[in-house]
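Colleague: Model the structure of this input:
(chains A, B, C and D)
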There are 2 protein chains.
Amino acid sequence: MATNQPAAAEPPTAAQALELLRAQSLATLVQSELERRIIAGEIAAGAKLNEVDVASALGVSRGPVREAFRALSQAGLVSVEKNRGVFVRQVSLAEASEYYEVRAALEGLIGRLAAERITAEEVEQLRAIVRRMHRVQKSRRAEEYFALNVEFHELLGRAARNNALLANYRSVVNQLDLYRRATISRSVGNIPLSTQEHEAIVDAVAVRNKAKAESLLVQHVLVSRERLRASLATATPASSS
Amino acid sequence: MATNQPAAAEPPTAAQALELLRAQSLATLVQSELERRIIAGEIAAGAKLNEVDVASALGVSRGPVREAFRALSQAGLVSVEKNRGVFVRQVSLAEASEYYEVRAALEGLIGRLAAERITAEEVEQLRAIVRRMHRVQKSRRAEEYFALNVEFHELLGRAARNNALLANYRSVVNQLDLYRRATISRSVGNIPLSTQEHEAIVDAVAVRNKAKAESLLVQHVLVSRERLRASLATATPASSS
DNA sequence: AGTCTGCAGATTGTCAACAATCTGCAATCA
DNA sequence: TGATTGCAGATTGTTGACAATCTGCAGACT
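Modeller: Alright, predicted model coming up:
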């Protein structure tokens, strides 16, 4: 009986798992995994996270799980209510609107700084993403387009050469995703518009037009907010009637 | 025999302490207390936080302390190194410079929104703070002025009517304080200048000039950064020579 | 002398047990 | 019938103990 543990089913990861444990604590691993599942929508917004369930599902004890909960709470992904439990945070439309305002300001700064500091190689990578967007928008695969969109802004964020800004930006975007995941699927209708905006942004950054890059990105975010708002108001006014 | 616990030395807080425990967990309390001490500079930047020391100092076990550490780590106030311990975060000049850039963007948004949404009563409160600043600047008490400055920006932040923005702003300011506390005392020489800037900001917000409020606040932050940089370069180039 | 090996103490990582609180249901009483 | 009280199970809060890792120093070896 060499293995009396539940035993992860995959042999290849077995050896690497120990290597991971050498660098990261279980709490960190649990945090990453939960974060991934929440952002990906595998755990629904508003769902209750039971300590023992999470612990046994991940094969650890409650200690690391509780530590992960505290970090996720500080990150704004879950809310803890004493003696009641932790819940995946629900972001209301009003709150999402607030996050959009913040994101617009951060994205504007990203545009300004990226216009100053981006490299030629990064510009080319951005253009490559936009090209892929063009291809995807014909197939109308919303999920793929969404992933490209994340990649685009992530790359732009790194080009700003400001880690504090990037970390802050990611945090806000995560919380916004919390809202988007809770709502219905993103409307595919305005993908072409969005692609055009991305194209204009790359152009502005490429010629190092700081003011234009900033204003384009601010508008890009604020327009996104309006699109979401509109698709919510018309498509499904709550649930049914 | 009624009280066999270590017993806090203060009778008035004794009854209220239990009431606090009814609403907040020990981990939350520990987190708040550590946060306060770190921001206030009672615990030096770079200092190591020993789990058992903190636990016994606050009269709790290691569990809640570890949970508090996770939250503080996510907030960027401490850094945890596996199997080595947690340390009050050191913010370098380069990192502080990054935070200033972010803060400028957030503060700009605060100005823009506050100009839209501030109430007459809040404007009067701002003016009252500026009046106090005028009085304090004559006595040259840097600590008092610093407190007023925090109060000013905090009030302005609330006037923006955006909780997400306010929380984000506080987080960035906390991390900046981490840097300021690590460096020598703030130079008192430019207090008059700073007070003038505050006055102009209130005026812009009061007449609801969004663009001006935004640009004034952005400049206010960026100038602060330059002042800090300058006082560092001339006053004490490291430690001595 | 200098480097390496191997302990001993201290500190962190993880776990399992205990105490306190909450939630839902059933039995009781007006 | 309706409200209330009291329990039982489940869940969270907290603690203390055990295992693993790190750090510094003393002693041995080249």
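Colleague: from memory A:L178 sits against A:G41, does it?
Modeller: No: at 9.3 Å, A:L178 does not count as touching A:G41 under the criterion of C-beta atoms under 8 Å. Every residue, glycine included, has its C-beta placed from N, CA and C.
Colleague: In terms of neighbours, single out the busier of these two.
Modeller: A:L178 (23 against 14; other C-beta atoms under 10 Å in any protein chain shown).
Colleague: List the residues that contact the more buried one.
Modeller: With contact set as C-beta atoms under 8 Å, 6 or more residues apart in numbering or on different chains, A:L178 has these partners: A:38-39, A:45, A:77, A:88-91.
Colleague: Nearest to A:Q137 among those?
Modeller: The shortest approach to A:Q137 among the contacts of A:L178 belongs to A:I39, at 23.5 Å (C-beta to C-beta).
Colleague: what about that closest one, distance to A:S79?
Modeller: Between A:I39 and A:S79 the distance, using C-beta to C-beta, to the nearest Å, works out to 16 Å.
Colleague: Are we agreed that A:A128 is in a helix?
Modeller: Yes: counting by DSSP: H, G, I helix; E, B strand; the rest coil, A:A128 is part of a helix.
Colleague: any idea how far it is from A:A204?
Modeller: Summarising the geometry, the distance separating A:A128 from A:A204, computed by C-beta to C-beta, is 17 Å.
Colleague: So if I had to pick from those two, which one is more boxed in?
Modeller: Set side by side, A:A128 and A:A204 show more neighbours around A:A204, with 21 against 12, by other C-beta under 10 Å.
Colleague: for whichever helix or strand that one is part of, which positions count as buried?
Modeller: A:A204 belongs to helix A:191-206 when assigned by DSSP states H and E. Buried positions in helix A:191-206, judged by neighbour count with 16 or more other C-beta atoms under 10 Å in any protein chain shown: A:191, A:194-195, A:197-206.
Colleague: which of those sit farthest apart?
Modeller: A:I191 and A:A206 (22.5 Å).
Colleague: Would you map the helices across chain A?
Modeller: In chain A, helices defined by DSSP state H lie at A:11-23, A:26-40, A:51-58, A:62-74, A:93-117, A:120-139, A:142-159, A:163-182, A:191-206, A:210-234, listed in chain order.
Colleague: could you dump the ones you listed to TSV with distance to B:S56?
Modeller: Written out in TSV, the entries for these read as follows (distance: least, C-beta to C-beta, whole Å):
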stretch	distance to B:S56
helix A:11-23	29
helix A:26-40	22
helix A:51-58	26
helix A:62-74	19
helix A:93-117	40
helix A:120-139	51
helix A:142-159	43
helix A:163-182	33
helix A:191-206	54
helix A:210-234	48
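Colleague: now these in TSV, with mean pLDDT and distance to A:N83?
Modeller: TSV is the format used below for the helices of chain A (pLDDT from 0 to 100; distance: least, C-beta to C-beta, whole Å):
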stretch	mean pLDDT	distance to A:N83
helix A:11-23	57	32
helix A:26-40	95	21
helix A:51-58	94	12
helix A:62-74	96	14
helix A:93-117	96	25
helix A:120-139	92	47
helix A:142-159	92	37
helix A:163-182	92	24
helix A:191-206	88	45
helix A:210-234	86	35
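Colleague: right, and these - which one's nearest B:A27?
Modeller: helix A:62-74 (6.3 Å).
Colleague: The closest one versus helix A:51-58: what angle between them?
Modeller: 110 degrees (axes from the mean of the first three to the mean of the last three C-alpha atoms, to 10 degrees).
Colleague: Return helix A:62-74 as PDB; C-alpha atoms alone will do.
Modeller: Once side chains and other backbone atoms are set aside, the C-alpha atoms of helix A:62-74 remain, and they are given as PDB (Å, rounded to 0.1, in the frame of the first residue of the first chain):
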ATOM      1  CA  ARG A  62      -9.300  23.200   5.900                       C
ATOM      2  CA  GLY A  63      -6.300  25.300   7.000                       C
ATOM      3  CA  PRO A  64      -5.000  26.200   3.600                       C
ATOM      4  CA  VAL A  65      -8.500  26.600   2.200                       C
ATOM      5  CA  ARG A  66      -9.300  29.200   4.900                       C
ATOM      6  CA  GLU A  67      -6.100  31.000   4.100                       C
ATOM      7  CA  ALA A  68      -7.000  31.000   0.400                       C
ATOM      8  CA  PHE A  69     -10.500  32.300   1.200                       C
ATOM      9  CA  ARG A  70      -9.000  35.300   3.000                       C
ATOM     10  CA  ALA A  71      -6.800  36.200   0.000                       C
ATOM     11  CA  LEU A  72      -9.700  35.800  -2.400                       C
ATOM     12  CA  SER A  73     -11.800  38.000  -0.100                       C
ATOM     13  CA  GLN A  74      -9.200  40.700  -0.200                       C
END
